[in-house]
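K.L.:
Dropping the sequence and predicted coords here.
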Amino acid sequence: MALLQIAEPGQSTLPHQHKLAVGIDLGTTNSLVASVQSGLPTILKDMDEHKLIPSIVYYGKNETKVGQAALPYLSTDAKNTIVSVKRFMGHALSDIQYRESLPYEFNGSSADIQIKTPQGYKHPIEISSDILKKLKDTAEVSLCGEITGAVITVPAYFDDAQRQATKDAAKLAGLNVLRLINEPTAAAVAYGLDQKKEGTFVIYDLGGGTFDISILKLHKGVFEVLATNGHPHLGGDDFDQAIAEMIRQENQLDLLSHEDKRSLITHAKTLKEKLTESSSDTFFKATHDLVQKTIQPIRRALSDAKLSIDSIDGIVMVGGATRMPHIQSEIKNFFKKDLLNDLDPDEVVAQGAARQAHTLAGNKSDQDLLLLDVTPLSLGIETMGSLVEKIIHRNSTIPIAKAQEFTTYKDGQTAMTIHVLQGERERVSDCRSLANFTLTGIPPMVAGAAKIRVTFQIDADGLLSVSASELSTNKETTMTVKPSYGLSEEQITSMLKQSFEKASEDKEIRALGEAKIEGEQIITAVQNALNKNGSQLLSDDEIKKIESAMLLLSSSLKLNNPDLIISHTKNLNALTESFAAMLMDESVDKALKGQSIDKVNL
Amino acid sequence: MAISLTHKAAERVEKYLKNRGKGLGLRLGVKTTGCSGMAYTLEFVDEALPEDQVFESYGIKIMIDPKSLVYIDGTELDFEKEGLNEGFKFNNPNVKAECGCGESFTV
C-alpha cells in the first residue's frame, strides 16, 4: 500500500498525480538531493543511508561508478576518477589552470574540455549528468515514483555558459529542470526568510574549497541578489593546511614526504573537527588570518551593495566549515548580530532548493515564491567608435527584457552587425565578446533614418537572447547566446576591479569617442550638402569659411582632445546653421511644388 | 467507532505541525476518484469546519467531515517505512478492495 504525505489544506492531489519534485545541490565536492515531505524539506538518502553524495565519477572499462562507490578509485585509478567537475563546467580547455597538476588526460586537439577514459572522451556535461543521474535514481527509489521536476542550485556568479552547461547536464540525465536558482537564495529560502516581509540578508558560504558571500534583499516577498563576492580557493581544506603547518612548525619537522604531509593534514582535519565544541587559542591563532580573508570579500560586497553593517537583518551560515566555533564568533562580532545557524550547514542549500521545487511543481499554491537573481556583469552592444553601449546593467534582477533603438551610421546602409559584449568597461577591446550577428535587409535610407530596435532578454535561468529588428519592415534576427566558454569568478572580479580602477580613463575614452563620431558625422553631412547645393545657396566667402572650419575640425579629430573636437564641432554647426535652414526651405519648396494644398500632408 | 493514530504517526504529525508553524491538526478525508473508486486525502488543518467530527489521539486533533467518516470509520493512521520511502498508511477496516498502489479503494 502506498504511503501518503500530509498535504496543505485543499491541496490533496488525485491518486497517481503526486508531483514529485526535488531540489538538488550540485556541489563541487559533494551533492545532495532533497524533497519536501509533509511540509518538511528532507534530504533523501541513498541505499547505504548516505545523505552526502561525493561529486566523483569513476569510468572503468565496463562500469561507471558515482559517489561513495567511486571513492576507492581515487587512490587506485585517479586518471579515470573525476573530481570537482563543477570547476570545468562551461569552460574551455584553455581556461584550466595547472592542467599538468591534474591527473587527467585531456584531449589536446579539442577546444572543449574532454577527458580521456576507458569509455572514450568524456565532456564535463556528461560527467556532471552522471552525478545528476545518480541523484535522480536516489530520489526515485526513496520517493517511490518518477521525478517530475528538479530545481538545481548554481553559484550566484555562474555565467550564461556555466548555467547552460548545468541545464544540458540535467537534460542528459533525464531531469526536467524547473529552475536553476542561486545557492545563496536557496539557503535563504531554507531558513524561511522568504516568509518575512522585508529584509537584507548576508549568506556566508564557506565550503570545502570555495568561499562565497552574497547579499540578498527581500522586498514584498521577492528576493534580489544585491551583490556577490568571495574567494574561489578558500575553504575547510585551507584551515586543515593551516593547522598542519602550525603542527609542523611547533614540532620542528622539516622536509616531509608527500605521504607524511597527507597524513598530517588528515590529522589536522580530525583535530579541527574535535575543536568544534570548545575553541582553542592556538587554533584560533593559526586560522585567524584565514577567517580574516573572508572578511575582505564581505566588506567589498557590502560596498558594492552600498550597505552598512547596521542594515543587515540576518546572516545565514552555509557550508560545513562554518561549524567551527571561532568562525561563528568572529562573524558574529563583525556583524554584531546573532547568526542563523540552526539548520545543518551542509544541507541548507538542498533544503531551500527542495522547497522551491515543491512550489514550482504546483504542490503549494498559497504563497507563490518568486525568486530573482542578478546579472554579474553588464551586457551591451558595440556602437560606432568601438564603444560599448550597455543595455542591461550589472546586478539587474532577472528575468529581464530591455530594448533600445539604434540607427544606421552611413547613407544607404542595409546591414548592421550586432556585437554582443559583456563587461563594465567603455571600450569594446576591454570587454568580453559574447556573440556577433548581422541584421540584413534594412531598406536603404539616409544615415540616422532607420530605426533598429535591439532587445536583450535574460530568462529566469540567466540565459541571454538578443534580437534586432528594423522597425519599418519588421525584419528580425534573433540569437540565443550560449558562449563557448565561461568566466571564472576571478575573471569577473578582476573585470569589475578594472572597471572601478579605470573609471576615469573610460570616461575620457567615451567622451573622445562620442566627440569624434559627432565630428565625423557633421563633416560628412556638410560636405554632402556643399557638393549638392553649396554653390547655389552660398557665396564663395561663406563656402570658404565653412571649408576652413571643416578642416580645423577634421584635423582636431586626429588629436585625442574631446574638448577641442567639441568646440570645433560647435563652431562648424554655428557657421552652417543658416545654410541648413536654407536647405530645409528648399526641400520644402520642392516637396510642395505642383501639389494642391489638400494633398500635402502637414 | 473512531479515528486514531498510532504513537509513531502522532509523533510525526506533531513534528510536521511544529515545523509548519501553524495548524490545528490533521484532516483525513475521502475523495470519490481514483482507479479503484475512492481515494484518501491527508491534509493539515488551518480552519475547522462546522460539520467536522473531531477526534483526538496522542494530543493530535483529527478532523473529518461526516461524509468521509462513513468510509473510514475505525481507521488507524500509521507511519511506516518501506525501504527508503516513508509516509502515512491508512489501516481502514471498511476496505473490500484496493488498487495495487493502495492510493484508492472500494468499500
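P.N.:
Perfect, thanks for sending it. Residues are numbered from 1 along each chain as shown, chains lettered A, B, ... in the order given.

K.L.:
From now on I want contacts and neighbour counts done on CA atoms only, so please keep to that.
P.N.:
Fine.

K.L.:
how far does stretch A:435-447 stretch from start to finish?
P.N.:
Using Cα to Cα, to the nearest Å, the end-to-end distance of stretch A:435-447 comes to 25 Å.

K.L.:
again, but for stretch A:27-44
P.N.:
Termini of stretch A:27-44 sit 16 Å apart (Cα to Cα).

K.L.:
who's the residue nearest to the spatial centre of chain B bridged to?
P.N.:
Closest to where the C-alpha atoms of chain B average out (Cα atoms, centre = their mean) is B:Leu28, at 3.8 Å. In this entry, B:Leu28 is beta-bridged to B:Leu42, by DSSP bridges.

K.L.:
how close does it sit to B:Tyr58?
P.N.:
Applying Cα to Cα, the value for B:Leu28 to B:Tyr58 is 16 Å.

K.L.:
Could you do A:Thr478 as well?
P.N.:
According to Cα to Cα, A:Thr478 and B:Tyr58 sit 63 Å apart.

K.L.:
again, but for A:Ala321
P.N.:
Distance from A:Ala321 to B:Tyr58, by Cα to Cα: 40 Å.

K.L.:
between the two, which one's more packed in?
P.N.:
A:Ala321 (25 against 14; other Cα atoms under 10 Å in any protein chain shown).

K.L.:
so where's the stretch 401-550 of chain A uncertain?
P.N.:
Residue ranges of the stretch 401-550 of chain A with pLDDT under 70: A:460-462, A:481-492.

K.L.:
and with 90 instead?
P.N.:
A:401-418, A:421-453, A:455-550 (pLDDT under 90).

K.L.:
and it, which residues reach chain B?
P.N.:
Within reach of chain B by Cα under 8 Å from any Cα of the partner chain, the stretch 401-550 of chain A has no residues at all.

K.L.:
follow-up on the earlier one: ok, the residue nearest to the centre of chain B - contacts?
P.N.:
Residues counted as contacts of B:Leu28 (Cα atoms under 8 Å, 6 or more residues apart in numbering or on different chains) are B:Tyr40, B:Thr41, B:Leu42, B:Glu43, B:Ile62, B:Met63, B:Ile64.

K.L.:
I'd say the fourth one and A:Leu4 touch.
P.N.:
No - counting by Cα atoms under 8 Å, A:Leu4 is not a contact partner of B:Glu43; they are 10.1 Å apart.

K.L.:
Give me the domain ranges for chain A.
P.N.:
As assigned by automatic domain parsing, chain A contains the domains A:1-190+A:346-365, A:192-342, A:375-501, A:506-592.

K.L.:
Quick check: which of the ones you listed is buried the most?
P.N.:
Burial of those is given as mean neighbour count (mean count of other Cα atoms under 10 Å in any protein chain shown); domain A:1-190+A:346-365 ranks first at a mean of 21.

K.L.:
With only the CA atoms kept, save the helix or strand encompassing A:Gln292 in CSV.
P.N.:
Using DSSP states H and E, A:Gln292 sits within helix A:281-304. Below are the C-alpha coordinates for helix A:281-304, written out as CSV (Å, rounded to 0.1, in the frame of the first residue of the first chain):
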residue,chain,number,x,y,z
ASP,A,281,43.6,29.7,21.4
THR,A,282,46.4,28.1,19.4
PHE,A,283,43.9,27.0,16.8
PHE,A,284,42.4,30.5,16.8
LYS,A,285,45.8,32.0,16.1
ALA,A,286,46.6,29.5,13.3
THR,A,287,43.4,30.2,11.4
HIS,A,288,42.7,33.8,12.3
ASP,A,289,44.2,35.0,9.1
LEU,A,290,42.0,32.7,7.1
VAL,A,291,38.9,34.0,8.8
GLN,A,292,40.1,37.5,8.1
LYS,A,293,40.4,36.6,4.5
THR,A,294,36.7,36.1,4.4
ILE,A,295,36.1,39.5,5.9
GLN,A,296,37.6,41.4,2.9
PRO,A,297,35.0,40.0,0.4
ILE,A,298,32.2,40.8,2.9
ARG,A,299,33.4,44.4,3.0
ARG,A,300,33.6,44.5,-0.8
ALA,A,301,30.1,43.0,-1.2
LEU,A,302,28.7,45.5,1.3
SER,A,303,30.3,48.4,-0.5
ASP,A,304,29.1,47.0,-3.9
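
K.L.:
by contact count, what packs against that helix?
P.N.:
strand A:211-219, strand A:222-231, helix A:236-250, helix A:325-335 (3 or more Cα pairs under 8 Å, 6 or more residues apart in numbering or on different chains; DSSP states H and E).

K.L.:
Of all those, which one is nearest A:Leu553?
P.N.:
Proximity to A:Leu553 (Cα to Cα) singles out strand A:222-231 among the helices and strands packed on helix A:281-304, at 44.7 Å.

K.L.:
List the pairing partners of the closest one within its sheet, with orientation.
P.N.:
strand A:211-219 (antiparallel), strand A:370-371 (parallel).

K.L.:
can you give me the helices in chain B?
P.N.:
All helices of chain B, identified by DSSP state H, fall at B:7-20, B:66-72.

K.L.:
so which of the ones you listed comes closest to chain A?
P.N.:
helix B:7-20 (6.5 Å; Cα to the nearest Cα).

K.L.:
who does the closest one touch, helix- and strand-wise?
P.N.:
Packing partners of helix B:7-20 (3+ Cα pairs under 8 Å, 6+ apart): strand A:40-43, strand B:60-64, strand B:76-82.
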